[in-house]
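> Just need the structure, nothing else, for what follows:
(one chain, ligands or ions: 1)
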Amino acid sequence: MNKRELKKFKIALEEKRDAIVNATGKKPHWENMADTRHGDFVDQASDDNEIHVNLKLLQTDAKLLRAIEAAIERIENGGYGVCASCGGEISLARLNAVPWTSVCIACKEKSA
Ligand SMILES: [Zn+2]
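I've put the predicted structure just below:
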């Protein structure tokens, strides 16, 4: 993979990372929790559900965030676009679709 392509993927990965950080960084429900506790009990129930959903989202984002950061590291240190499982090249089409992936489509399908 040439430098220009690597740079393109790095920018895409950084943009995705920033989008996640910005989205999770807001975390409105944690900051508003103190206030909602003083609200009436009918509201409280729906707030608890929303917190649960947000937590689930946060866990997914954290996993994705780690994968994105690892991919950015591979771009900087070399090894980006190389399958972590078989050592083969990951196709550009696959990297365009999932730039933070660390395995080629064949290995992904084998493990699925
Ligand atoms: Zn592979």
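> Quick one: name whatever helix or strand follows the helix or strand of the chain with the lowest mean pLDDT.
Lowest on mean pLDDT, DSSP states H and E among the helices and strands of the chain sits helix 28-37, with a mean of 51. The first helix or strand that comes after helix 28-37 along the chain, using DSSP states H and E, is helix 41-77.
> Could you pull up the residues touching the residue nearest the centre of the chain?
Computing the C-alpha centroid of the chain and ranking residues by CA atoms, centre = their mean puts residue 64 first, at 2.4 Å. By CB atoms under 8 Å, 6 or more residues apart in numbering, residue 64 lies in contact with 20, 100. Glycine gets a C-beta too; all of them are placed from N, C-alpha and C.
> quick one: average confidence on whichever strand or helix holds residue 10?
Using DSSP H and E, residue 10 maps to helix 3-26. Here helix 3-26 scores 90 as its mean pLDDT.
> same thing with stretch 65-73?
In this model, stretch 65-73 carries a mean pLDDT of 96.
> Alpha carbons only: can I get that stretch in PDB?
The C-alpha trace of stretch 65-73 is given here as PDB (Å, rounded to 0.1, in the frame of the first residue of the first chain):
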ATOM      1  CA  LEU A  65     -12.600   2.800  19.500                       C
ATOM      2  CA  ARG A  66      -9.900   0.300  20.500                       C
ATOM      3  CA  ALA A  67     -10.000  -1.300  17.100                       C
ATOM      4  CA  ILE A  68      -9.600   2.100  15.400                       C
ATOM      5  CA  GLU A  69      -6.700   3.100  17.700                       C
ATOM      6  CA  ALA A  70      -5.000  -0.200  17.000                       C
ATOM      7  CA  ALA A  71      -5.400   0.400  13.200                       C
ATOM      8  CA  ILE A  72      -4.000   4.000  13.500                       C
ATOM      9  CA  GLU A  73      -1.000   2.500  15.300                       C
END
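> what comes up buried for that stretch?
Buried residues in stretch 65-73, counting neighbours by 16 or more other CB atoms under 10 Å, are found at 65, 67-68, 71-72.
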